[in-house]
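Student: compute the structure for the input listed below.
(chains A and B)
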Amino acid sequence: MTNSQIIEKLPYGKSFLFVDELLQVDQNGAKGTFTFGKDLTFFESHFKDNPVTPAVILTETMAQIGLVCLGIFLLKDALTKNDMGFVMTSNVIDFLKPVYPGEQVWVSSEKIYFRFNKLSCKVKMENANGDLVCKGTISGMLISKHNG
Amino acid sequence: MNRNEIIEAIKLIVKPYTEDVAALESINESTDFIKDLKINSANLVDVVLDVEEKFSIEIDNESMAKMLTVEATIAIIEEKMNSNAGK
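Tutor: Just a heads-up that it's a prediction; the model follows:
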């Protein structure tokens, strides 16, 4: 599966897709990039007259690139069934620097384990200066969408 | 390791994943991880991985699916430990 095919399999619509390019993916981790365009709607309100990327969006960006892209790569055919989905089940993240409108970030993940449909990874995000923006651990699970 | 010692080991393993102190204190063979201890399926994976490490055993998908109660978990631990000992 090519990196662009993995992005095509991501289940997010345009307004909630935080992956521009998947740069590298293998059994042990994924690396990708996203630019927070100045026109993203949450900048209007977070905060009033002081736009900063919300921490939850940084977390989501790390999960989409670091976990979901890696999960699709690891699962390959298992995920082609449309009734399966990947959900975040826990995260512990430290935030070190703000990300302002227009900034590009790079996310990389390192697999801790993938067992019993649960993927756990160490993830980090860096900005254009190579500074660490946030880091931590995120876990997600493959579930059946019709299961409650 | 006898059954009570295994239950004590399981109790220590599940402790970080449950908020229900009373259910944890009264843990016994009929305790259900999801119903009684309110452990979610994602943390149940961590419980299984910790059981593997503690008892030096490998748990396959089929056994994992059965590990919903303390009783079933003890049975799987004993089965895997016995098959390790036979090697």
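Student: can you report how many residues lie near the closest residue to B:Thr31 other than its chain neighbours?
Tutor: Leaving aside its chain neighbours, B:Thr31 sits nearest to B:Val70 (4.6 Å; criterion: Cβ to Cβ, 6 or more residues apart in numbering or on different chains). Backbone N, C-alpha and C define where each C-beta goes, glycine included. Residues contacting B:Val70 under the criterion other Cβ atoms under 10 Å in any protein chain shown number 23.
Student: can you check A:Glu110 too?
Tutor: Other residues near A:Glu110 number 15, with proximity taken as other Cβ under 10 Å.
Student: name the element the residue lying closest to B:Ile6 once chain neighbours are set aside belongs to?
Tutor: Using Cβ to Cβ, 6+ apart and skipping residues adjacent in sequence, the residue nearest B:Ile6 is B:Ile74, 5.2 Å away. Per DSSP states H and E, B:Ile74 falls inside helix B:70-85.
Student: that helix packs against which elements?
Tutor: For helix B:70-85, the elements it packs on are helix B:3-14, helix B:41-55, helix B:61-66, judged by 3 or more Cβ pairs under 8 Å, 6 or more residues apart in numbering or on different chains; DSSP states H and E.
Student: give the buried residues for the first one.
Tutor: Neighbour-count burial for helix B:3-14 flags B:Ile6, B:Ile7, B:Ala9, B:Ile10, B:Lys11, B:Ile13, B:Val14 (criterion: 16 or more other Cβ atoms under 10 Å in any protein chain shown).
Student: helices or strands up against it?
Tutor: Against helix B:3-14 (3+ Cβ pairs under 8 Å, 6+ apart) you get helix B:41-55, helix B:70-85.
Student: what's in contact with the first one?
Tutor: Spelled out, that is helix B:41-55. For helix B:41-55, the surrounding residues in contact (Cβ atoms under 8 Å, 6 or more residues apart in numbering or on different chains) are A:89-90, A:113, A:115-118, A:139, A:141, A:143, B:9-10, B:13-14, B:17, B:33-34, B:39, B:57-59, B:64, B:67, B:73, B:77, B:80-81.
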